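1. Build me a model:
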Amino acid sequence: MPQSVTLNVVTPEDSVVSVSAVPGEFIMQALERADLSDFWDGGACGGSCSCSTCRIILTDELYAKVPEPEENEIDMLESAAAQEESPEEQEDFLKNARLACQVEVTSEMDGARLVLPEDTRNMLEVPLWMRER
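-> Just a heads-up that it's a prediction; the model follows:
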């Protein structure tokens, strides 16, 4: 079994929870195992990149370490951001945002911080014809 790493997760209440993660799994799996349901209701789609509820905010340092998002992740994040009222809010929504179901844990992430945003969008609940694309 690969050695675990620790992710420091900042909750919407600004507390920090240390979460154990195994390299090779997705961040969402580690968050679900840690049972952060008091703060986070991510994973509505089961990790298929089709809801945006597992959106997390990475620090600049961590964002630079992870691979670029694939097109389907970018589309999902942009669809969720389009529900915001202003271009500035959309930009803030997207800054350093990733979907936890799409970011694989690596040993380089040990001790990294990530943020669970207060505002989540469940794009499974927004019909395709209502999404601004």
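2. State the distance from residue 121 to residue 86.
-> Between residue 121 and residue 86 the computed distance is 15 Å (Cβ to Cβ, to the nearest Å). To be clear about C-beta, it is placed using only N, CA and C from the backbone, and glycine gets the same treatment.
3. ah, wrong one, I meant residue 76
-> Plainly put, residue 76 is 20 Å away from residue 86 if you go by Cβ to Cβ.
4. ok, those two, which is more surrounded?
-> residue 76 (24 against 8; other Cβ atoms under 10 Å).
5. if I pick the more buried one, what's in contact with it?
-> Residue 76 is in contact with 49-52, 99, 123, counting by Cβ atoms under 8 Å, 6 or more residues apart in numbering.
6. And for residue 101?
-> Neighbouring residues of residue 101 by Cβ under 8 Å, 6+ apart: 26-28, 42-43, 45, 47-49, 54.
7. Filter the residues you listed down to the buried ones and hand me the ChimeraX line.
-> To isolate the buried members of those in ChimeraX, using 16 or more other Cβ atoms under 10 Å:
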select :26,27,28,42,43,45,47,49,54
